[in-house]
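> Sequence and computational prediction follow.
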Amino acid sequence: MSCGVDGSMTRHPWVIPLTAALASVVILFFGTRLPKRGAELGIASMAMGVALSAWLAVEWITGSGVPAVNQHVWFRYGDVNVDAGTLVDGLTVMMLVLVTVISLLVQIYSTNYMKNDRRYTHFFAILTLFTAAMEWLVMSANTLQMVFGWEVMGLCSFLLIGHWWEEKSNVHAAMKAFLTTRASDMGLVVGVIVLFFAAGQSFDVVELNTLALADGIPHGLLLAGAVALFVAVVGKSAQFPLHTWLPDAMAGPTPMSALIHAATMVVAGVFLLARLFPVFAQAFSIGDIGNDLGGLNPIAVIGSITIVIAALLAFVQHDIKKVLSYSTVSQLGYMVMAFGVGAWTAGAFHLFTHAFLKALLFLGAGSVSHVVHGFDLERDMGGLRKSMPVTHVTFAIGSAALIGIIPLSGFWSKEQITAQAGANGYVLFQVVALVGTFLTAGYMTRCYYLMFWGKHRGSSHPHESPLTITLPCVALAVATLLIGFLEAPALGIGLFSEWVAPAYLPAAEIGDRSTIDLVFVTELLIAAAGVGLAACALTKGFGPRSLAQRSAPARAMYGLLSNRYYLDWLYDRLVVNGIRRGLSWIVHWVDHNLIDNLVDLVGRSAVGTGVLVNRWFDTGVVDRVVNGTGGIAHRSGSALGHVQSGKVQRYAGVMLGTVTFVAVLLTAMR
């Protein structure tokens, strides 16, 4: 089946992930023999991906705007044909541009950051495959294909988080990420299966969305499928209460962290929400599509909880990557909440803007740690703005964008989430979004201040990083400055919604504001207030730890945050220990009641069989054969004893008789 616009890249977008996948295989097997140990091939495949994605974007923008579906029969299941192919629409194009551009910059950055790593070639091979899996996921035309891309990313993240597996903590972090996401991924498998049968045995994404919009799927089955899929979203995109794996995943190399947080892995869950939004909207009655404006639903609730709890955790972190990690969890909460309140365009736009600014922040953090040889904000950093001017300016731009300072990209996307939540009647979640803005301003101001202001607290002699590290940061900073203007309804700009938003969204959702309103001003004032209060506290020497000593409630709160709400303790006690004890009991029972009895039975059977063999075979057969052989030998010896008489005449007679007999026999034979 093939339909939609007729551009050459629109028909063949599969070339993009195929190029990256082939490059990954070649790097893995032959990379050590290449001049740059395989990095040049990875960068070349990413550069080709950027060029092809740009080509695809031009075709989409200048085309008819009709989604292009290109499918062929993959395999047959009874009388059902299961197709495989590509789906090209605004969301696909946006994600491909985002993934390829950020992956290219991360790989360029990695050539210097990882240059002395013992598994340099292996790192580039897995990093390239990671990108290929995400590209496959975003252009998949059916949910079964999406499962493959989803799971390959899980494998790649496991390998990259545990890249330095010599350290036990890294192995534990990789296992934690792998098992947590695998457990939640069962929701994806169950959801895909439920929707397959509910939709009349179809995996097709367009058909699933169409049937959901037309109430063509029984609501009970639709709800069951949506709940299962949302479990996968919660695990993959690190939402409460399954967010605990993502901060620990910072054990891997910093370039990998940038890619996971910006363009792959964790955004896959948000992408699933965007791709199957009609399914979720109809199942949970979201926005105009679900016809229940202002109602609570699990998507909005989980997203809003995640915004606040992760932002609070970021305040008490000393590792810069942990601060940025909890920031990612909080911002993913913004995206999830946006889809929960029916703000599709705002959620997708925040995914887009956040990818560039968060990649910038992680690469900036890597630039600093590369120079000071550490990640601790309070021990290794401070006073770096003069010795690292490029890193300082680019990191400041990324921080301001994340906080929501106008006119940077983060302001426009977060402001739209807040405005659309109120417009759709979700006032409670509008307040949560504003609270999140205030908290984000506080923890990012603390992070920026401890890195670049005050006195240098480390033992190193800081200097600016080389061009291969700073140039990707500069490119991302420029993008962060400009891409917000793709969708600024207060300025009358709506290019993002025009190019990316699907046709089934109601016109009001896409955004019809063309003037600065109360939400616009409030968002900006709250961000400024958060920055001001945090800066004032920091300049006077008040940090989270010192403030915690001022009162018992503050100490209790600090302890709660330092222990990450005791969720890891709870999981270890209930889940890990429960499984361990349960498995121990099962193994003990099997050992004593099955294996021991089986061994005893085999032993008794062997003894019984031995007795029977001894009685029948040894006595009845072996003894008789031995005794018979002895008797024959005895009788033969006795008979031959008469011949051995010692008389020569008898011997001569026997010989003469024998010769005569032989002669007669020979004569007769003639």
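All right, it came through fine. Residues are numbered from 1 along each chain as shown.
> Give the burial count for the nearest residue to F485 once chain neighbours are set aside, as a bare number.
Nearest non-adjacent residue to F485, counting by CB to CB, 6 or more residues apart in numbering: I493, 6.0 Å away. The C-beta positions use only the backbone N, C-alpha and C, and glycine is treated the same way. For I493, the count of nearby residues is 17 (other CB atoms under 10 Å).
> cool, and the one 3 residues further on?
Neighbouring residues of F496 were enumerated by other CB under 10 Å; the total is 27.
> Outside of the helix or strand containing D288 itself, list whatever touches it.
For D288, the element it lies in under DSSP states H and E is helix 287-290. Residues outside helix 287-290 that contact it (CB atoms under 8 Å, 6 or more residues apart in numbering) are 213, 277-278, 281-284, 293, 341-343, 424, 504-506, 508-509.
> pLDDT below threshold where in the stretch 401-550 of the chain?
Per-residue confidence of the stretch 401-550 of the chain (counting by pLDDT under 70) places the weak regions at 507-515, 548.
> go with 50
For the stretch 401-550 of the chain, the stretches with pLDDT under 50 are 510-511.
> In it, what residue spans correspond to helices?
Counting by DSSP state H, counting those that start in this stretch, the stretch 401-550 of the chain has these helices, from start to end: 409-423, 427-452, 467-482, 495-499, 507-510, 518-539, 544-548.
> Pull the contacting residues for the closest residue to D117 other than its chain neighbours.
Nearest residue to D117, sequence neighbours excluded (CB to CB, 6+ apart): F123, at 6.3 Å. By CB under 8 Å, 6+ apart, the residues touching F123 are 110, 114, 117, 160, 163, 253, 256.
> So which of these belong to helices?
110, 160, 256 (DSSP state H).
> Out of these, which is nearest to G442?
M256 (27.8 Å; CB to CB).
> give the contact list for that closest one.
123, 127, 160-161, 163.
> Output the below-cut-off pLDDT ranges for the stretch 1-150 of the chain.
Applying pLDDT under 50 to the stretch 1-150 of the chain flags the ranges 2, 4-5.
> all helices for it, in order.
Using DSSP H, counting those that start in this stretch, helices in the stretch 1-150 of the chain cover 8-11, 15-30, 39-62, 90-113, 120-139, 143-161.
> looking at those, which is buried most?
When the helices of the stretch 1-150 of the chain are scored by mean count of other CB atoms under 10 Å, the highest mean neighbour count falls to helix 120-139 (a mean of 26).
> what angle separates it from helix 39-62?
If you take axes from the mean of the first three to the mean of the last three CA atoms, to 10 degrees, helix 120-139 sits at 20 degrees to helix 39-62.
> where do the helices sit along the stretch 151-300 of the chain?
With DSSP H, counting those that start in this stretch, the ranges of helices along the stretch 151-300 of the chain come out as 168-198, 205-213, 219-236, 245-248, 254-262, 266-275, 277-284, 287-290, 298-314.
> Let me have the ones you listed in TSV, extended by mean pLDDT.
As requested, the helices of the stretch 151-300 of the chain are arranged in TSV below (pLDDT from 0 to 100):
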stretch	mean pLDDT
helix 168-198	92
helix 205-213	94
helix 219-236	96
helix 245-248	92
helix 254-262	92
helix 266-275	96
helix 277-284	94
helix 287-290	71
helix 298-314	96
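> Among these, show me which one is buried the most.
Stretch with highest mean neighbour count among the helices of the stretch 151-300 of the chain: helix 254-262 (a mean of 28; mean count of other CB under 10 Å).
> According to the record, where do the domains of the protein fall?
344-562, 567-657 (automatic domain parsing).
> Could you verify my assumption that G484 touches T353?
Yes - here G484 reaches T353: they are 6.2 Å apart, a contact under CB atoms under 8 Å.
> between these two, what contacts are shared?
Counting by CB under 8 Å, 6+ apart, the residues touching both G484 and T353 are 401, 409-410, 412-413.
> tell me the pLDDT at D596?
Looking at D596, its pLDDT is 69.
> How about the contacts made by L87?
Contact analysis of L87 by CB under 8 Å, 6+ apart lists 67-69, 139-141, 205-206.
> Just put those in TSV and tack on distance to A433.
Below are those laid out as TSV (distance: CB to CB, whole Å):
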residue	distance to A433
P67	30
A68	35
V69	35
M139	31
S140	31
A141	34
V205	29
V206	31
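> of all those residues, which comes closest to F148?
S140 (8.0 Å).
> how close does the residue nearest to the closest one when sequence neighbours are not counted sit to I260?
Take S140 and drop its neighbours on the chain: the residue closest to it by CB to CB, 6+ apart is M146, 4.5 Å away. M146 sits 18 Å away from I260, taking CB to CB, to the nearest Å as the criterion.
> Equivalent analysis for I299, please.
For I299, the distance to I260 - CB to CB - is 22 Å.
> go on, M175?
According to CB to CB, M175 stands 16 Å off from I260.
> so which of the helices of the stretch 1-150 of the chain gets nearest T440?
Smallest distance to T440 across the helices of the stretch 1-150 of the chain (CB to CB): 21.1 Å, for helix 90-113.
> I would like the C-alpha coordinates for the closest one, written out in CSV, please.
The C-alpha trace of helix 90-113 is given here as CSV (Å, rounded to 0.1, in the frame of the first residue of the first chain):
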residue,chain,number,x,y,z
GLY,A,90,5.0,16.3,10.2
LEU,A,91,5.8,14.4,13.4
THR,A,92,8.1,12.0,11.6
VAL,A,93,9.9,14.8,9.8
MET,A,94,10.3,16.8,13.0
MET,A,95,11.7,13.9,14.9
LEU,A,96,14.1,12.8,12.1
VAL,A,97,15.6,16.4,11.9
LEU,A,98,15.9,16.5,15.7
VAL,A,99,17.5,13.0,16.0
THR,A,100,20.0,13.3,13.1
VAL,A,101,21.2,16.9,13.9
ILE,A,102,21.8,16.2,17.6
SER,A,103,23.4,12.8,16.9
LEU,A,104,25.8,14.3,14.4
LEU,A,105,26.9,17.0,17.0
VAL,A,106,27.2,14.4,19.7
GLN,A,107,29.4,12.2,17.6
ILE,A,108,31.7,15.1,16.6
TYR,A,109,31.9,16.0,20.3
SER,A,110,32.8,12.4,21.2
THR,A,111,35.9,12.3,18.9
ASN,A,112,37.7,14.4,21.5
TYR,A,113,35.8,13.5,24.7
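> just checking, what packs against it?
In terms of contacts (3 or more CB pairs under 8 Å, 6 or more residues apart in numbering; DSSP states H and E), helix 90-113 is packed against helix 39-62, helix 120-139, helix 254-262, helix 266-275, helix 344-372, helix 467-482, helix 495-499.
> I'd like those laid out as a markdown table, including distance to S546.
Compiled in a markdown table, those are given as follows (distance: least, CB to CB, whole Å):
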| stretch | distance to S546 |
| --- | --- |
| helix 39-62 | 45 |
| helix 120-139 | 40 |
| helix 254-262 | 29 |
| helix 266-275 | 33 |
| helix 344-372 | 23 |
| helix 467-482 | 32 |
| helix 495-499 | 43 |
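> Which one of the ones you listed lies nearest to I526?
helix 344-372 (16.7 Å).
> quick one on the thing from earlier: Serialize the helices of the stretch 151-300 of the chain to JSON lines and add fields for distance to T131.
Converted to JSON lines, the helices of the stretch 151-300 of the chain look like this (distance: least, CB to CB, whole Å):
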{"stretch": "helix 168-198", "distance to T131": "18"}
{"stretch": "helix 205-213", "distance to T131": "21"}
{"stretch": "helix 219-236", "distance to T131": "17"}
{"stretch": "helix 245-248", "distance to T131": "19"}
{"stretch": "helix 254-262", "distance to T131": "8"}
{"stretch": "helix 266-275", "distance to T131": "12"}
{"stretch": "helix 277-284", "distance to T131": "25"}
{"stretch": "helix 287-290", "distance to T131": "32"}
{"stretch": "helix 298-314", "distance to T131": "26"}
